[in-house]
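1. Using only what follows, build the 3D model:
(chains A, B, C and D)
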Protein chains: 2
Amino acid sequence: MALAQLKTSSFDIRDSLGYLLAHVRGEWIDAVEKELKPLDLTAAQYIVLLKVGSGSATTPVEICRALQYDTGAMTRLLDRIAAKGLIKRVAHGGDRRCVALELTSDGHQLYPKLLRIVMDMNKRALRGFTKDEIAALERLLKRVALNVAS
Amino acid sequence: MALAQLKTSSFDIRDSLGYLLAHVRGEWIDAVEKELKPLDLTAAQYIVLLKVGSGSATTPVEICRALQYDTGAMTRLLDRIAAKGLIKRVAHGGDRRCVALELTSDGHQLYPKLLRIVMDMNKRALRGFTKDEIAALERLLKRVALNVAS
DNA sequence: TGACAATCGCTGCCTAGGCAGTATCATAGC
DNA sequence: GCTATGATACTGCCTAGGCAGCGATTGTCA
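-> Have a look, this model is predicted:
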């Protein structure tokens, strides 16, 4: 594989950065879901619990914006998490259109384990990387994101 | 965001490489599907057509292995592409369990356009990158993939 | 203040992937 | 040659996301 030499003449889908990105992301998801299996959680549920537990999102629409997720799908995703007793919808003071999201006591108990998984996954993914390499990877990926979105 | 300083104390999900990967990949998919909209194709269908058209996969199971895709889902995905008249299943000489996949004449006519989209997307994503930067990105991503999968 | 637009969460409908099971076929070992 | 094992494609069943539309609520602006 050689991204720099993408030519029509000798095309292989693996010579695409898009393929490489999808591949790495797929491996990541698989690894996370393997860790989550004992907790009976999917990757989507885990992300939402992290967002709510960390306080970086307090309403459904905030999570949707952060994750580019459909609001209809979010309603049902929250239903499933609520059915597991990990999250609850409470009245939002100030805007009655909004629902405020909170972890239940079970959710609070689970949260540190999820945090541990995030930390371990990142540590594992970046094993053997120097600080400079990590910074370079981050910078390059962000440039790709900007290029693609524009 | 600073991947190198992932700490429990000040957690933000965006400080995760997993999030960054998902984000870039999401932007990529959105951009590709925007290009595919006039052709009435989804990203999944486009990948399959590229695999078959390039000759790097000739049976359903080959595509599944390459893309880590479920065989049941592949059957139905191929059904949808076949319904659009872009692909056909023909007998596989030698192994009667297998189905050989071929582009129809319409599929052959479409293929160059899909190839053009792959090329343009990669060119666009890597706009402003030096050869060294492209090589570095590729190398770093592959190391991440290896780390995560192990 | 009153009309209009925007936002929020939700629902129905459609598409779509993962998993388990099945029938058919190929292959390796005895 | 026969059997056991594995591979291939396919099929239900379940879960799950995208989109359009809805009612309720809020914000905006004349």
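
2. how about low-confidence regions in chain A?
-> In the predicted model of chain A, residues A:1-14 satisfy pLDDT under 70.

3. need the helices for it, in chain order.
-> A:17-36, A:43-54, A:60-67, A:71-83, A:105-125, A:131-149 (DSSP state H).

4. got the CA coordinates for the third one in CSV?
-> Listed in CSV are the C-alpha atoms of helix A:60-67, where the atom choice follows Å, rounded to 0.1, in the frame of the first residue of the first chain:
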residue,chain,number,x,y,z
PRO,A,60,-29.9,14.7,23.8
VAL,A,61,-29.4,17.3,21.2
GLU,A,62,-26.0,18.2,22.6
ILE,A,63,-24.9,14.6,22.2
CYS,A,64,-26.3,14.6,18.7
ARG,A,65,-24.4,17.6,17.7
ALA,A,66,-21.1,16.4,19.3
LEU,A,67,-21.4,13.0,17.6
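
5. and that helix, what does it pack onto?
-> Packing partners of helix A:60-67 (3 or more Cβ pairs under 8 Å, 6 or more residues apart in numbering or on different chains; DSSP states H and E): helix A:43-54, helix A:71-83, strand A:99-103. Bear in mind the C-beta positions are built from the backbone N, C-alpha and C, glycine included.

6. try it again with 7 Å
-> helix A:43-54, helix A:71-83 (3 or more Cβ pairs under 7 Å, 6 or more residues apart in numbering or on different chains; DSSP states H and E).

7. And the ones you listed: which comes nearest residue B:138?
-> Nearest of the helices and strands packed on helix A:60-67 to residue B:138, taken as Cβ to Cβ: helix A:43-54 at 25.3 Å.

8. one step back: dump the helices and strands packed on helix A:60-67 to TSV, plus mean neighbour count and distance to DNA strand C.
-> Output for the helices and strands packed on helix A:60-67, formatted as TSV (neighbours: other Cβ atoms under 10 Å in any protein chain shown; distance: least, Cβ to the nearest atom of the strand, whole Å):
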stretch	mean neighbour count	distance to DNA strand C
helix A:43-54	21	11
helix A:71-83	14	3
